[in-house]
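Peer 1: missing the sequence, but the structure's below:
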């Protein structure tokens, strides 16, 4: 009589193949998660900067965006000398943001900026090999992706 099923050898070979595949896939998955985390945080910072600018225009009053990095990053959008309009923070300390403050005036223009590098907020990851992302605010108040430095442009 013939029985249906797996032998012990077949089961062990299948498990060995699955373990090898998992060993190869897990580091790639971790990198993908780290990249997605940086992109998500970058988009959140862009959203906060655009929110601050639009609120300054809407309220006809100066509005500030303050970024800090105490364990995990955080930003606060508030009316200058007034109430907080929005507070957001990172989920953990795997990404960080450069600290600084930008104030948008009633016309939506950048009034003052203490962020490093011509008003660029950099989002970095603790995972090695992940490119930093930067949000730059122009003197006219436009928020966008930070331009690459000339050294980086030559390498590409």
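Peer 2: Received the coordinates, thanks. Because the structure is predicted, anything quoted here is derived from the model rather than measured.
Peer 1: Check which helices and strands the longest helix belonging to the chain is in contact with.
Peer 2: Here the longest helix in the chain is taken by residue count, with DSSP state H as the criterion, and it is helix 8-59. Identification of packing neighbours for helix 8-59 by 3 or more Cβ pairs under 8 Å, 6 or more residues apart in numbering; DSSP states H and E yields strand 63-70, strand 72-79, strand 84-89, strand 95-97, strand 100-104, strand 120-125, strand 133-137, strand 143-145. (Glycine included, C-beta is placed from N, CA and C.)
Peer 1: can those strands go into CSV with extra columns for distance to residue 5 and mean pLDDT?
Peer 2: As requested, those are exported to CSV (distance: least, Cβ to Cβ, whole Å; pLDDT from 0 to 100):
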stretch, distance to residue 5, mean pLDDT
strand 63-70, 58, 93
strand 72-79, 51, 93
strand 84-89, 54, 93
strand 95-97, 49, 90
strand 100-104, 65, 94
strand 120-125, 47, 90
strand 133-137, 53, 92
strand 143-145, 58, 90
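Peer 1: Of these, give the one that comes closest to residue 50.
Peer 2: Proximity of the helices and strands packed on helix 8-59 to residue 50 was assessed by Cβ to Cβ; the nearest stretch is strand 143-145, lying at 5.4 Å.
Peer 1: tell me what the closest one is packed against?
Peer 2: For strand 143-145, the contact count by 3+ Cβ pairs under 8 Å, 6+ apart identifies helix 8-59, strand 133-137 as packing neighbours.
Peer 1: Now render the ones you listed as JSON lines, adding mean neighbour count.
Peer 2: What follows is these, written out as JSON lines (neighbours: other Cβ atoms under 10 Å):
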{"stretch": "helix 8-59", "mean neighbour count": "14"}
{"stretch": "strand 133-137", "mean neighbour count": "22"}
